[in-house]
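K.L.:
heads up, no residue letters with this:
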Ligand SMILES: CC(=O)SCCNC(=O)CCNC(=O)[C@H](O)C(C)(C)COP(=O)(O)OP(=O)(O)OC[C@H]1O[C@@H](n2cnc3c(N)ncnc32)[C@H](O)[C@@H]1OP(=O)(O)O
């Protein structure tokens, strides 16, 4: 949700992207230095504002009056670049605060990235930014480029073709200086316009999510890209992604640092299954982020998005001048979830009328060596295939020779005449391919030589399109939670200490408060009470030891199924107590839980785990022994929307079991979706719940609901 606070926070970035005046503290006369570069490029590329170099050693610099200190500038300064060595940085920042500067970019390195002393100075930077409201980019950063006003508040851009100054396309945020520069150069060479480019540096104040939010709201940014290692504030990142989604701006992220060796010690299965990489991956799925894993993929997607051609479905047509390449492409399409569609009869007959008998008109279409003997054949075939209403996108693969633009020109014309994506796979000798790709780039026609990244990119964009469309269309609504749920759970958790563990009976009371169906049950402290409880509940019953010290009851011989008579219940009661004492002599035993024995259903797990960055997460998976054996689970961060919950079920390998396998009836997915959302609501209202396992949640056949058969909760 875009709140007034969020709007104010984003507005506070305006001086960094749209300043009317810039001062450079440490402006050097040497343009080769980071401290000398901005002055040159701000003037060279026509920054639309006033520029004030600050350096006590000069009267003028590059034809501009140079000021001994910031205070000597007789004008308001919106943005200040600090480019003096680390030991002088705090002094310069204080000057900025005294002058009332609202945005600061600190190029300087030598802070948290190098030493504890550096980290201590960085903390002072953060503290000054927070206390004054001055927004700081960096330190240890490459700065900001903004096309609209030719803002060159950076030291990494030396050459800037005019095309890049067209403020219409890509906003890029990089947590790596060097990688960011590489992306800038590649995109520049492709000839696409940037709206903004930010190297975030050490993020002492502004972090990745601030820039993401700014670009999500910015009218001049159509697509957002980023190199991300990690975010500090999960909810801020989610908010920024929500904004991008609301404005239907694709967010393409390269996420690195995904596999830290940080095994979490956790008491519940849910806790053990949730790790940082899984949480990022969940966030990306939940917010429609297009995850990019290579530079090739990134370039391919940018070339498709640049001309606004996103696949509107997953049906792909392939045309190749080699049967082998066609088959390889078809395999890749299947691998990435694209459907190599059956072409319409009309399409096939039109192709047959053009192609020799030995060619194939089925998808993949093999036009064979006729491509060499029949001029214009490629274009004719491609036109026919792309106009087939069954086709959402097309990949065309052909051999290319040095100096021969014939096929390329044909395909450029085809691409110009359709609003569906057309991707060229050119292969041949290195020099010829290089030349062909350069030519296609100059015409802004999507082309590459590496088939995996082409197919993966197309599939990812088709998924993105589906994601946005499904969100737009969804009419699913979240279930109502009882109005007194919060109050009841607050009372139940009231006096419990940090780290408290709630065994089954207590945990289920929390679930009941939030409307999650649980077994009928009673806690008995004697064999007689147990027999009375069984009578009231109805035979057969299940009996379980109830102790916060024995969370995994089966391991302790603490579960007895199918007790059918009062005698069985009484003797069972004693056996469970004996087993529990033998397992853990000092366990705090609350009694024996006598509960209804549920009819058969599918065993699932639904749980909560806390993540240090994103807060509570909800997990759903195939339950019982499959939790450990298969780790078949889907994860989302809280709050989980109805469509998210539905997609979690679709993501499970076990979804076919839920759909009804081998004569089994389909399971009640609607009931599961409801449970997931109620659990999400519980997690949202009570972030002190560190872990929850409902395991198993028994899911019955369609229309018959689901019921929590067992549960544990661990507080933070
Ligand atoms: C993660 C990444 O990779 S992203 C990139 C991260 N950032 C970097 O890589 C930058 C690394 N470099 C640094 O941190 C350096 O300390 C820099 C670039 C900030 C400064 O380095 P230098 O330019 O060598 O510092 P130097 O001491 O020469 O000071 C710069 C200028 O300030 C001037 N200066 C000195 N005192 C003052 C003062 N009180 N006020 C203003 N200017 C002053 C100097 O005269 C000098 O100008 P000159 O070159 O014309 O003489």
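P.N.:
Looks like it arrived, so ask away. Predicted, not measured: the structure shown is a model, and the values here were computed from it.
K.L.:
Against residue 25, how distant is residue 52?
P.N.:
10 Å (C-beta to C-beta, to the nearest Å). All C-beta atoms are positioned from the backbone trio N, CA, C, and that covers glycine.
K.L.:
er, residue 384 actually
P.N.:
Taking C-beta to C-beta, one finds residue 384 at 64 Å from residue 25.
K.L.:
Tell me which of these two has more neighbours.
P.N.:
residue 25 (27 against 22; other C-beta atoms under 10 Å).
K.L.:
That one bridge partners, please.
P.N.:
Here residue 25 sits in beta bridges with residue 54, residue 82, as judged by DSSP bridges.
K.L.:
Now that it has come up, it's in contact with residue 79, right?
P.N.:
No: with contact defined as C-beta atoms under 8 Å, residue 25 does not count as touching residue 79 (11.4 Å).
K.L.:
Three-state assignment for residue 224, please.
P.N.:
strand (DSSP: H, G, I helix; E, B strand; the rest coil).
K.L.:
Assess the claim that it and residue 248 are in contact.
P.N.:
No: with contacts defined as C-beta under 8 Å, residue 224 does not count as touching residue 248, sitting 11.6 Å away.
K.L.:
the more surrounded of those two?
P.N.:
residue 224 (28 against 13).
K.L.:
For the stretch 151-300 of the chain, which residue gets nearest to the ligand?
P.N.:
residue 177 (2.6 Å; C-beta to the nearest ligand atom).
K.L.:
can you count the residues close to the nearest residue to that residue once chain neighbours are set aside?
P.N.:
Nearest residue to residue 177, sequence neighbours excluded (C-beta to C-beta, 6 or more residues apart in numbering): residue 142, at 4.7 Å. Residues near residue 142, counting by other C-beta under 10 Å, number 27.
K.L.:
now the one 3 residues further on
P.N.:
Counted by other C-beta under 10 Å, the residues lying close to residue 145 total 26.
K.L.:
Where in this structure is the helix or strand with the lowest mean pLDDT?
P.N.:
helix 269-273 (a mean of 51; mean pLDDT, DSSP states H and E).
K.L.:
continuing past that helix, what's the next helix or strand?
P.N.:
Counting by DSSP states H and E, the next helix or strand C-terminal to helix 269-273 is helix 276-287.
K.L.:
How about that following helix, which residues are buried there?
P.N.:
276, 278-287 (16 or more other C-beta atoms under 10 Å).
K.L.:
Just the terminal-to-terminal distance for stretch 372-383.
P.N.:
Chord length of stretch 372-383, first to last residue, is 18 Å (C-alpha to C-alpha, to the nearest Å).
K.L.:
Could you break this structure into its assigned domains?
P.N.:
For the chain, automatic domain parsing gives the domain ranges 4-249, 311-473.
K.L.:
Same list, those, but as TSV with mean pLDDT please.
P.N.:
Converted to TSV, these look like this (pLDDT from 0 to 100):
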stretch	mean pLDDT
domain 4-249	93
domain 311-473	95
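K.L.:
Just put these in CSV and tack on distance to residue 669.
P.N.:
Converted to CSV, these look like this (distance: least, C-beta to C-beta, whole Å):
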stretch, distance to residue 669
domain 4-249, 25
domain 311-473, 16
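K.L.:
beta partners of the residue nearest to residue 334 when sequence neighbours are not counted?
P.N.:
In space, and not counting its chain neighbours, residue 334 is closest to residue 340: 6.8 Å by C-beta to C-beta, 6+ apart. Judged by DSSP bridges, the bridge partners of residue 340 are residue 316.
K.L.:
residues in contact with residue 340?
P.N.:
Listed by C-beta atoms under 8 Å, 6 or more residues apart in numbering, the contact set of residue 340 reads 316-318, 330, 333-334, 363-364.
K.L.:
Also residue 256?
P.N.:
176, 227-229.
K.L.:
Roughly how far does it sit from residue 174?
P.N.:
Taking C-beta to C-beta, one finds residue 256 at 11 Å from residue 174.
K.L.:
next one: residue 257
P.N.:
Distance from residue 257 to residue 174, counting by C-beta to C-beta: 14 Å.
K.L.:
now do residue 122
P.N.:
Taking C-beta to C-beta, one finds residue 122 at 19 Å from residue 174.
K.L.:
What does residue 108 show for phi and psi?
P.N.:
phi -50, psi 140 (degrees, to the nearest 10).
K.L.:
The stretch 401-550 of the chain: helices as residue ranges?
P.N.:
Using DSSP state H, counting those that start in this stretch, the helices found in the stretch 401-550 of the chain span residues 406-416, 430-442, 451-473, 485-493, 504-513, 527-537.
K.L.:
Buried deepest among these, which one?
P.N.:
helix 504-513 (a mean of 21; mean count of other C-beta atoms under 10 Å).
K.L.:
can you tell me which residues contact the residue positioned nearest the centre of the chain?
P.N.:
For the chain, residue 284 is the residue whose C-alpha lies nearest the centre (C-alpha atoms, centre = their mean; 1.8 Å). For residue 284, the contacting residues are 253, 255, 291, by C-beta under 8 Å, 6+ apart.
K.L.:
Quick one: neighbours of the second one, just the number.
P.N.:
Here the neighbour count serves as a burial measure; for residue 255 (other C-beta under 10 Å) it reads 19.
K.L.:
Over to the first one?
P.N.:
Residue 253: 21 surrounding residues under other C-beta under 10 Å.
K.L.:
State the helix or strand in which it lies.
P.N.:
Going by DSSP H and E, residue 253 is in strand 251-255.
K.L.:
For that strand, which outside residues touch it?
P.N.:
212, 216, 223-229, 241, 244, 280, 284, 287-293, 298, 301-302.
K.L.:
Quick check: residues of the protein near the ligand?
P.N.:
25-26, 28-30, 33-35, 54-57, 83-85, 107-110, 140-142, 177-178, 199, 201 (C-beta under 6 Å from any ligand atom).
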